[in-house]
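**Student:** Would you be able to build a 3D model of this:
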Amino acid sequence: MARLFKRRCLTNLFITILLLQVAFVFLWHLRQKVINFIKAAEQDEWQDVIKRYPPKPQGYAKVPQHGVMKLADQRHLGDFGQNLEKVMGLLIGDPFTLDPNEYLSVPERKPFDLHCDTCSVVSSAGRLLLQDAGKEIDNATCVIRMNTSPIQGYEKHVGERTTIRVASFKAIDFLRTQGSLLEGPGRPKNFIVWAPSNLLSFTDEGVGIGKTYGQLVNLAKKNGDIGVYALTERQLEFVEVLFQRETGYSRHASGSWISTGFFSIILAVNICDDIRIYGMVPPDHCKNDFVNDTVPFHYYKPEGYRECAMYRSQEGKRLGGHRYISEKDVFKKWKLTKRLQFLYPTWDDTD
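**Tutor:** A predicted model of the protein is given here:
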């Protein structure tokens, strides 16, 4: 009887262990599927934007070095934008003299008013992990960060102060999962957001409208100590016309998104006497096919896309891409006239 009881106990134990192993294998595979799903969602985030806000093709336009690309969407410049386009086409001098510099607080609609002696503009580049530049970055009068680039855990590389966080409309959705961006020492004093006019605009009476505007109102209500600001349509049109003048082709015609880095540097030119930009490579860096591409695109995604692979794929993308290399060609030109200093890596005059 005792032997039978012992045998049953051993059998039950064996079955229990077997079931636990099966459950472990099942949960492990489920975890991998969830991880892969999240990664795929992150990689396709801009494609999702394009699907939700589809372009309106109307023809073809030549783009330097990239052949022919379908027009991304219909031009929606108002009277200001159309006049600005004409004036900037004739302007010989500094195009920044035409900058309306319109960043309005939400919901009060007060202008953004800040001056900084020195500014650290911190990119999201993976090569920042190669430097311990955190203290140097924080020593500036103002620190400007972009989109959802985190601080916690990366302080020695990117610093921990944030005076301004410049973000695209897409980044607002990530605040629910990146709550640390609005907490702790890196909590921004100001949050400035750009968005297409169908998501964020102001009526002639100054009333804010659009999905993104509503999100910013809620953000301002929940974070009373943070100044929440939005680019006006006039400011957005200025950036788009400036992009066309400096790169040689229209954002709309080339099917491009202007990067948040481009918006951030334009803001810095307006409010900073001395501008130090951290982590951006010079325009020729990734044009060399033999470059050793081991650096991640983002410092907070070390296993993600490689830097140069991302730059090249985006530069030639027919719809919804970022022209990172073309923008850096523009920054190279501005470096000589706009007090831009590039660090880690340093850009010399031949870059």
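**Student:** Quick one: find the helix or strand in the chain with the lowest mean pLDDT.
**Tutor:** strand 68-70 (a mean of 28; mean pLDDT, DSSP states H and E).
**Student:** how close does residue 219 get to residue 171?
**Tutor:** To residue 171, residue 219 is 11 Å away according to CB to CB, to the nearest Å. The way it works is simple: take the backbone N, C-alpha and C, and place the C-beta from them, glycine included.
**Student:** err, residue 247, not the other one
**Tutor:** 23 Å.
**Student:** Give the residue from residue 219 and residue 171 that has the larger number of neighbours.
**Tutor:** Neighbour tally, residue 219 and residue 171, criterion other CB atoms under 10 Å: the higher count belongs to residue 171, 21 against 17.
**Student:** Low-confidence ranges, the stretch 151-300 of the chain, go.
**Tutor:** Under the criterion pLDDT under 70, the flagged ranges of the stretch 151-300 of the chain are 176-179, 289-292.
**Student:** Just the helices from it, written as ranges.
**Tutor:** With DSSP state H, counting those that start in this stretch as the criterion, the stretch 151-300 of the chain has helices at 155-158, 169-172, 211-222, 233-247, 251-254, 260-271.
**Student:** other SSEs contacting the first one?
**Tutor:** If contacts are counted by 3 or more CB pairs under 8 Å, 6 or more residues apart in numbering; DSSP states H and E, helix 155-158 sits against helix 134-138.
**Student:** Using CSV, write down the CA coordinates of the helix it packs on.
**Tutor:** What follows is helix 134-138, C-alpha atoms only, in CSV (Å, rounded to 0.1, in the frame of the first residue of the first chain):
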residue,chain,number,x,y,z
GLY,A,134,26.3,64.7,-19.5
LYS,A,135,27.9,67.4,-17.3
GLU,A,136,29.1,69.4,-20.3
ILE,A,137,25.5,69.4,-21.7
ASP,A,138,24.0,70.4,-18.4
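**Student:** Just the buried positions in that helix, please.
**Tutor:** Using 16 or more other CB atoms under 10 Å as the test for burial, helix 134-138 gives 134, 137, 138.
**Student:** Do you know the pLDDT at the first one?
**Tutor:** The reference is to residue 134. Per-residue pLDDT puts residue 134 at 97.
**Student:** what number of residues lie near the residue nearest to residue 140 when sequence neighbours are not counted?
**Tutor:** Take residue 140 and drop its neighbours on the chain: the residue closest to it by CB to CB, 6 or more residues apart in numbering is residue 120, 4.0 Å away. Neighbours of residue 120 under the rule other CB under 10 Å: 28.
**Student:** tell me the contacts of residue 120?
**Tutor:** 136, 137, 138, 139, 140, 142, 143, 144, 159, 276, 278 (CB atoms under 8 Å, 6 or more residues apart in numbering).
**Student:** Pick the one among these closest to residue 96.
**Tutor:** residue 144 (17.1 Å; CB to CB).
**Student:** Give me the neighbour count for that closest one.
**Tutor:** Neighbour number of residue 144 under other CB under 10 Å is 26.
**Student:** Give me the domain ranges for the protein.
**Tutor:** Split into domains by automatic domain parsing, the chain comes to 1-43, 57-343.
**Student:** most packed of the ones you listed?
**Tutor:** Highest mean neighbour count of the domains of the chain: domain 57-343, a mean of 18 (counted as mean count of other CB atoms under 10 Å).
**Student:** quick revisit: could you look up the SS state of the residue nearest to residue 140?
**Tutor:** Here residue 120 takes the strand state, with states given by DSSP: H, G, I helix; E, B strand; the rest coil.
**Student:** quick one: pLDDT of it?
**Tutor:** 98.
**Student:** now it: how far from residue 332?
**Tutor:** Taking CB to CB, one finds residue 120 at 20 Å from residue 332.
**Student:** try residue 102
**Tutor:** Relative to residue 332, and taking CB to CB, residue 102 is found at 27 Å.
**Student:** cool, residue 302 as well?
**Tutor:** 28 Å.
**Student:** related to what we said a few turns ago, make JSON lines out of the buried residues of helix 134-138 and add distance to residue 125.
**Tutor:** Shown next, in JSON lines, are the buried residues of helix 134-138 (distance: CB to CB, whole Å):
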{"residue": "134", "distance to residue 125": "14"}
{"residue": "137", "distance to residue 125": "13"}
{"residue": "138", "distance to residue 125": "18"}
